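Colleague: the sequence and its predicted three-dimensional model are supplied below.
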Amino acid sequence: MPRTPVVDQEACIGCENCTLVCPEVFRMQEEEHDGHSHGKAMVYNPTGAPEAKIEAAMDQCPVACIYWG
Ligand code: SF4
């Protein structure tokens, strides 16, 4: 069974790097909080790209909040 990535929603700062590096797996979601809209990344297709490409996205995350679940 392939490993699947997880985004720590609390830590994500919404920089969009992961969605640019690996759009097959990650996308941004909008979330209402205190009347403001904050973009957070989410995993919508955990097996949509080879592990190496997912790891490239992990490497590009400035707060290292993507990990293998
Ligand atoms: Fe969030 Fe990290 Fe993706 Fe940036 S790279 S949007 S901080 S999960």
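Modeller: Happy to help now that I have it.
Colleague: what segments of the chain are helices?
Modeller: 17-21, 51-60 (DSSP state H).
Colleague: pull the CA atoms of the longest one into CSV?
Modeller: The C-alpha atoms that make up helix 51-60 are tabulated as CSV, following Å, rounded to 0.1, in the frame of the first residue of the first chain:
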residue,chain,number,x,y,z
GLU,A,51,6.3,9.5,-3.7
ALA,A,52,9.4,11.4,-5.0
LYS,A,53,7.3,14.2,-6.2
ILE,A,54,5.3,14.4,-3.0
GLU,A,55,8.6,14.5,-1.1
ALA,A,56,9.7,17.4,-3.3
ALA,A,57,6.5,19.2,-2.1
MET,A,58,7.4,18.3,1.5
ASP,A,59,10.9,19.8,1.0
GLN,A,60,9.4,23.0,-0.4
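Colleague: what's the average pLDDT for it?
Modeller: For helix 51-60, mean pLDDT rounds to 98.
Colleague: circling back to that earlier point, let's have the helices of the chain in CSV, adding distance to D8.
Modeller: C-betas here are computed from N, CA, C, even on glycine. As requested, these are exported to CSV (distance: least, CB to CB, whole Å):
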stretch, distance to D8
helix 17-21, 12
helix 51-60, 11
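Colleague: contacts only, for K53.
Modeller: V21, C22, E24, V25 (CB atoms under 8 Å, 6 or more residues apart in numbering).
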